[in-house]
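>>> Mind folding the following:
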Amino acid sequence: MKKVVFIRHGQSEWNLANRFTGWEDVDLSEQGVKEAQEAGRKIKEAGIHFDVLYTSVLKRAIKTAHIVLEETDQLFVPEYKSWRLNERHYGALQGLNKAETAEKYGDEQVHIWRRSYDVLPPLLEGADYDKLKEDPRYASVDQRQLPQAESLEVTLKRTLPYWDDAIAPALLDDKTVLVAAHGNSLRSLVKYLDNLSKEEVLNLEIPTGSPLVYELNDDLTVSKKYYL
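Got it, this is the predicted structure:
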């Protein structure tokens with residue numbers, strides 16, 4: 001039985017502050033560190049041993065992965081980072097307080113931006129977008145692929161090639177895989193694995209710091225899934 005464990009990073013400082021985060025490189029909060037440590041203890045108690053780690057290029061996911069591996073005495077596990085596992089890009093909303101944004105644009109509009117499947121938030125433009133293009137994390141990425149904003153649908157189109165090109169081949173090679181990423185990048189992968197409709201995925205929540213285990217058949221169809 002092939003196995004992959006998904007974990008959304010622990011609470012970040014901007015989760016705590018109720019701000020749109022997206023691709024902003026925000027650190028874990030104190031609570032987020034504790035969540036990652038608890039996740040590691042659960043994985044150790046379950047006796048899961050990893051062969052490879054895949055994570056994003058954002059430190060809240062990277063640090064979560066390292067804390068989990070430290071708690072399980074597996075810091076030696078090879079790791080690979082990719083922008084394709086980043087959180088959904090919230091465009092010009094990034095950094096804004098969610099409650100204040102709702103006061104400005106209305107609850108209904110903000111709900112559409114946050115929870116619809118295929119509606120883009122306002123685009124990141126000007127100097128803010130230039131800053132993204134100059135970020136060394138994305139130096140090797142074709143700038144035409146760097147988003148100004150993403151819906152969940154666009155996020156799925158970004159993450160799925162990494163599943164096909166990196167994660168799935170590792171699983172087919174009988175490696176046990178840890179994927180430490182973000183709420184929406186993981187929602188997109190869960191949508192794919194569980195064959196959810198676009199309506200069903202809108203109700204899907206991935207809690208911070210909670211290991212989600214998939215046991216997969218040889219053809220990578222789902223045999224069993226559960227939270228630790």
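>>> Can you get me a residue count around V77?
Around V77 there are 17 other residues, counting by other CB atoms under 10 Å. No exception for glycine: its C-beta is placed from N, CA and C like everyone else's.
>>> Report the contact partners of it.
Contacts of V77 were listed using CB atoms under 8 Å, 6 or more residues apart in numbering, and they are 50-53, 69, 178.
>>> So which of these sit within strands?
In strands, defined here by DSSP state E, the members of these are 52-53, 178.
>>> Pick the one among the contacts of V77 closest to N217.
Closest approach between those and N217, by CB to CB: D51, at 18.4 Å.
>>> Can you give me the buried ones in stretch 128-135?
Judged by neighbour count (16 or more other CB atoms under 10 Å), stretch 128-135 contains these buried residues: 129, 132.
>>> let me fix that: stretch 211-218
Residues 211-214, 216 are the ones in stretch 211-218 that count as buried (16+ other CB under 10 Å).
>>> Of those, which belong to strands?
Residues of the buried residues of stretch 211-218 located in strands (DSSP E): 212-214, 216.
>>> Max pairwise distance over the buried residues of stretch 211-218: which two?
The span of these, defined through CB to CB, is set by P211 and L216 at 15.6 Å.
>>> Tell me the one among the ones in strands among the contacts of V77 nearest to H111.
Using CB to CB, L178 comes nearest to H111 of those, at 32.7 Å.
>>> bridging residues for that closest one?
Beta-bridge partners recorded for L178 (DSSP bridges): V5, L53.
>>> Residue nearest the middle of this structure, spatially speaking?
H182 (2.0 Å; CA atoms, centre = their mean).
>>> helices and strands around the lowest-mean-pLDDT helix or strand in the chain, which ones?
Using mean pLDDT, DSSP states H and E, the weakest-scoring helix or strand in the chain turns out to be helix 107-115, at a mean of 84. With contacts taken as 3 or more CB pairs under 8 Å, 6 or more residues apart in numbering; DSSP states H and E, helix 107-115 sits against helix 98-105.
>>> by contact count, what packs against the helix it packs on?
helix 107-115.
>>> make it 6 Å
Contact partners of helix 98-105 among helices and strands, from 3 or more CB pairs under 6 Å, 6 or more residues apart in numbering; DSSP states H and E: none.
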